[in-house]
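> Next one to model:
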Amino acid sequence: KQKEFIETIIRNRKNFLVIGSTGSGKTTFVNACLQQISTSERAVIVEDTSELMVPNTLSTKILTRKDSHGLLSVIDLSVLIREALRMRPDRIVLGEVRGPEAKDLLLALSTGHEGSIGTLHAQNASEALIRLEMLIQLGAPQWSLESIRRLIYLSLNYIFTISRNDKGERRLSHIHRLSGMESFGLLLEEVKL
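Below is the predicted model of the structure:
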């Protein structure tokens with residue numbers, strides 16, 4: 001049932017975050033999701049370190065650049081997300097949201113880049129939303145919390161939680177849908193399959 005549900009979400013071009021701790025299997029899960037996209041769709045993958053697989057010949061990957069010698073300009077994830085928008089993507093995939101680029105990613109998703117994916121280190125969906133709010137504030141400290149929550153709600157449809165059990169097995173443990181926004185925060189509804 002989970003597999004069918006995920007395939008439907010990908011086919012219906014819903015935006016989602018994949019969350020979990022280090023080594024939980026987020027990258028493996030996203031790679032499996034990328035294999036489900038149509039060969040006629042262009043995914044632009046944005047990463048710090050090359051981990052995700054390009055799913056088809058139309059798709060591409062762009063990586064950040066750091067220069068410890070100071071000879072080349074630094075190209076960070078925020079710059080790459082803006083560049084990705086110029087590359088006519090059907091989907092944007094951000095390897096790991098960990099800083100102010102969260103603002104740029106959600107702004108890109110809110111402009112109609114449906115079916116996009118990001119990963120984030122968090123233990124559960126509630127923690128992921130709080131972390132996402134804080135990361136957006138790094139990129140846009142002048143924005144109100146209500147504006148940030150509205151952007152998240154308009155941009156993101158689902159959160160998939162990947163976890164590792166006591167035996168070291170990796171699995172999709174929870175699926176949450178963003179179901180509403182109230183004055184106290186975003187509402188999550190667990191999808192039971």
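
> now the helix or strand of the chain with the lowest mean pLDDT, how far from the chain's geometric center?
The helix or strand of the chain with the poorest confidence is helix 101-110; it has a mean of 92 (mean pLDDT, DSSP states H and E). Centroid displacement of helix 101-110 relative to its chain, using C-alpha atoms, centre = their mean, to the nearest Å, is 10 Å.

> What is it packed up against?
helix 77-85, strand 91-94, helix 125-139, helix 145-155 (3 or more C-beta pairs under 8 Å, 6 or more residues apart in numbering; DSSP states H and E). To be clear about C-beta, it is placed using only N, CA and C from the backbone, and glycine gets the same treatment.

> now for those, which one comes closest to residue 54?
strand 91-94 (9.7 Å; C-beta to C-beta).

> Show me what the least confident helix or strand of the chain is in contact with.
15, 76-78, 81-82, 84-85, 92, 94, 97, 116, 118, 132, 135-136, 138-140, 151-152, 154-156 (C-beta atoms under 8 Å, 6 or more residues apart in numbering).

> circling back to that earlier point, redo the helices and strands packed on helix 101-110 as a markdown table? Include mean pLDDT.
Formatted as a markdown table, these follow (pLDDT from 0 to 100):
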| stretch | mean pLDDT |
| --- | --- |
| helix 77-85 | 94 |
| strand 91-94 | 96 |
| helix 125-139 | 96 |
| helix 145-155 | 94 |
